[in-house]
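[1] quick one, fold the following:
(one chain, ligands or ions: 1)
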Amino acid sequence: MAHLPQSLYSLARPEFQYPVKSGQRITYRRKLTWSHFPVIVRCASTESLTSLTQNNAAEIELKYLVSQHGWGVRRLKRDDEDEIRRVSLVQAEAFHIPLALFNDFFFLFFQAEVLSGLLYKLKNSPSDRYACLVAEQTSEAETSSSSSSVVGVVDVTVQTESSVLRHFPGVEEYLYVSGLAVSKAQRRKKMGSTLLKACDVLCYLWGFKVLALRAYEDDAAARNLYSNAGYNVVASDPPWSSTWIGRKRRVLMTKRFS
Ligand SMILES: CC(=O)SCCNC(=O)CCNC(=O)[C@H](O)C(C)(C)COP(=O)(O)OP(=O)(O)OC[C@H]1O[C@@H](n2cnc3c(N)ncnc32)[C@H](O)[C@@H]1OP(=O)(O)O
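    Numbers count the residues shown, from 1 in each chain. You can find the predicted model right below:
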């Protein structure tokens with residue numbers, strides 16, 4: 001992997017590491033099912049989710065999982081090719097590392113890899129163990145009908161990795177957040193925060209207590225975002241892991257609901 005071009009190497013970034021376990025045992029620990037969706041949740045804090053559910057908010061048939069700051073987050077439409085391509089473009093643009101030579105070629109290659117990874121997950125993952133959440137401007141969604149207006153995305157996968165679970169005795173599974181990406185023109189407008197809020201809501205709806213993600217140790221921007229969203233660092237890659245293939249050290253950040 002050390003000799004891969006940078007654009008391919010970025011596939012090894014933590015946000016693209018979401019092993020899909022097809023055929024995995026499905027546990028029915030959910031408090032609600034997707035038949036309740038789409039559901040809108042307008043909330044200022046995760047704590048307010050409890051009272052929302054008590055008020056039967058989940059029975060309201062509306063469009064978004066979360067709607068705040070002018071952004072609406074919902075699940076990707078699995079049968080909408082245009083939207084799937086748009087999502088892969090948003091992720092590819094966010095994670096592609098520009099190259100001095102043949103940049104366009106490598107970008108196209110990278111986007112194709114991202115698209116194929118997304119299609120694989122959509123095809124092979126049970127719908128209650130993997131979700132691709134997308135964000136769009138709520139006002140635009142009301143007017144646009146044809147091409148996809150998705151400008152942000154995040155992947156959420158149920159995982160059982162022991163390196164995470166050892167920090168949470170008694171917990172068997174958790175939600176892993178990855179591939180968080182916001183189009184350049186829309187950054188610093190709270191879309192990333194809204195996508196993370198939607199991950200919280202999904203975690204609650206699926207009946208899990210723990211969310212986890214990995215960030216680069218030196219990525220202050222992303223770490224700020226996760227800290228603001230309630231994540232804490234619980235572990236770091238061992239020092240020796242950063243010395244081979246020029247790999248950067250990552251931190252494991254988690255968030256637990258009581
Ligand atoms: C788990 C993973 O998926 S790791 C991969 C993370 N994704 C990437 O690195 C892809 C490229 N980057 C992006 O797509 C975006 O910059 C994201 C997703 C990191 C952030 O999305 P945004 O919509 O811009 O975040 P949002 O507006 O919600 O920011 C919330 C807070 O996070 C922090 N933050 C976000 N971006 C930055 C930044 N560039 N520099 C410093 N702080 C930042 C700030 O505290 C910000 O609050 P403020 O604007 O009031 O100061």
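
[2] which residues does Val150 contact?
    Taking Cβ atoms under 8 Å, 6 or more residues apart in numbering, we find Val150 in contact with Leu76, Glu83, Arg86, Val87, Val90, Val134, Ala135, Glu136. C-beta: built from backbone N, CA, C; applies to glycine.

[3] which ones among those map onto helices?
    Glu83, Arg86, Val87, Val90 (DSSP state H).

[4] which residues of the stretch 151-258 of the chain fall in strands?
    With DSSP state E, counting those that start in this stretch as the criterion, the stretch 151-258 of the chain has strands at 152-159, 174-182, 210-216, 232-236, 250-256.

[5] is the ligand contacted by the longest one?
    Yes - taking Cβ under 6 Å from any ligand atom as the criterion, strand 174-182 and the ligand are in contact, through Val177, Ser178, Gly179, Leu180, Ala181, Val182.

[6] and these, which of them are buried?
    Neighbour-count burial (16 or more other Cβ atoms under 10 Å) is assigned, among the residues of strand 174-182 next to the ligand, to Val177, Ser178, Gly179, Leu180, Ala181, Val182.

[7] neighbours around Arg193, how many?
    Careful, residue 193 is Ser and not Arg. Neighbourhood size, Ser193 [other Cβ atoms under 10 Å]: 18.

[8] what's the closest non-adjacent residue to it?
    Ala229 (6.1 Å; Cβ to Cβ, 6 or more residues apart in numbering).

[9] hey, what's Tyr174 bridged with?
    Gln159 (DSSP bridges).

[10] in stretch 183-190, what's buried?
    Buried residues in stretch 183-190, counting neighbours by 16+ other Cβ under 10 Å, are found at Ser183, Gln186, Lys189, Lys190.

[11] does that stretch reach the ligand?
    Yes - if you take Cβ under 6 Å from any ligand atom as the test, stretch 183-190 does meet the ligand, through Arg187, Arg188, Lys189, Lys190.

[12] and those, which is closest to the ligand?
    Nearest to the ligand among the residues of stretch 183-190 next to the ligand: Arg187, at 3.4 Å, using Cβ to the nearest ligand atom.

[13] contacts only, for the closest one.
    Contact criterion Cβ under 8 Å, 6+ apart gives no residues in contact with Arg187.

[14] if we go to 10 Å?
    Arg187 sits next to Ala94, Val151, Gly152, Ala221 when contact means Cβ atoms under 10 Å, 6 or more residues apart in numbering.

[15] farthest-apart pair in these, please.
    Across the contacts of Arg187, the longest distance by Cβ to Cβ is 17.8 Å; it joins Val151 and Ala221.

[16] settle it for me: which of those two has more neighbours?
    More crowded of Val151 and Ala221, by other Cβ under 10 Å: Val151, with 22 against 11.

[17] and the more buried one, what is it in contact with?
    Residues near Val151 by Cβ under 10 Å, 6+ apart: 71, 86, 90, 134-137, 140, 181-187, 189, 191.

[18] before we move on, what about Val73?
    Per Cβ under 10 Å, 6+ apart, neighbours of Val73: 41, 63-67, 133-136, 138, 152-154, 191, 194-199, 201-202.

[19] so what's it bridging to?
    Val66, Ala135.

[20] ok so, going back, and which of the buried residues of stretch 183-190 is nearest Lys209?
    Checking the buried residues of stretch 183-190 against Lys209 with Cβ to Cβ, the nearest one is Lys190 at 25.4 Å.

[21] got a list of what the nearest residue to that closest one once chain neighbours are set aside touches?
    Once flanking residues are discounted, Lys190 sits nearest to His69: 3.9 Å by Cβ to Cβ, 6+ apart. Residues in contact with His69 (Cβ under 10 Å, 6+ apart) are Ala135, Thr138, Lys189, Lys190, Met191, Ser193, Thr194, Lys197.
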